[in-house]
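In: any chance you could fold what I've pasted below:
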Amino acid sequence: MTMTDEQKMMFNAPRPRPNVVTSRTVSVPIGCGHAFVTVGHDEEGLVECFVTVGRAGGCSYSWAEGLGRMVSMAMRLGADPAAIHDQLAGVRCPQVVTEDGVTVESCVDAVSKAFEVLGLVENKEASDGD
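Out: Predicted coordinates:
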């Protein structure tokens with residue numbers, strides 16, 4: 001199915017990736033090891049997210065790369081970090097892990113936890129006791 005020019009104008013295009021991005025990486029424990037979540041920003045806001053799990057060429061590695069690409073596109077489209085977080089938080093796999101009182105339910109949930117650690121959203125587990 002091919003879209004008409006009018007249909008294409010209904011969709012926003014993500015802003016291009018800038019040449020210089022500042023980023024921070026969080027290591028989040030998951031049931032099968034660690035997820036390394038890197039979130040980058042520039043002066044206009046969030047730009048990209050890289051999620052690394054497993055070994056290059058493996059199924060979990062490629063799946064995590066796809067997740068990072070989709071989160072990056074949402075960021076460059078201007079999505080609210082809280083909306084991204086809320087969509088990812090609580091997605092569960094069979095290998096749940098709890099460390100230092102924080103439960104991580106999957107690789108996807110690990111991205112939401114990284115958003116909390118990086119201060120992009122309020123830490124919901126920490127605020128539940130208030």
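In: point out where this protein drops to low pLDDT.
Out: 1, 3, 7-9, 124-130 (pLDDT under 70).
In: for residue 82, which residues are in contact?
Out: residue 121 (Cβ atoms under 8 Å, 6 or more residues apart in numbering). Placement of C-beta: from N, CA and C, glycine included.
In: next secondary structure after the helix or strand containing it?
Out: According to DSSP states H and E, residue 82 maps onto helix 81-88. Moving toward the C-terminus from helix 81-88, the next helix or strand (DSSP H and E) is strand 97-99.
In: state the helix or strand in which the closest residue to residue 86 other than its chain neighbours lies.
Out: Spatially, and ignoring its direct neighbours in sequence, residue 86 is nearest to residue 112 (7.8 Å; Cβ to Cβ, 6 or more residues apart in numbering). In the assignment (DSSP H and E), residue 112 maps to helix 107-117.
In: elements contacting that helix?
Out: strand 22-30, strand 33-42, strand 45-52, helix 59-76, helix 81-88, strand 102-104, helix 124-127 (3 or more Cβ pairs under 8 Å, 6 or more residues apart in numbering; DSSP states H and E).
In: buried residues, the fourth one. List them.
Out: Spelled out, it's helix 59-76. 60, 64, 67-68, 71-72, 74-76 (16 or more other Cβ atoms under 10 Å).
In: also the shortest one?
Out: For strand 102-104, burial by neighbour count (16+ other Cβ under 10 Å) applies to residue 104.
In: centre of the chain to the helix holding residue 82, how far?
Out: Here helix 81-88 is found 8 Å from its chain centre; the criterion is Cα atoms, centre = their mean, to the nearest Å.
In: how far away is the residue nearest to the spatial centre of the chain from residue 70?
Out: By Cα atoms, centre = their mean, the chain has its centre lying nearest to residue 111, at 4.4 Å. Separation of residue 111 from residue 70 (Cβ to Cβ, to the nearest Å): 10 Å.
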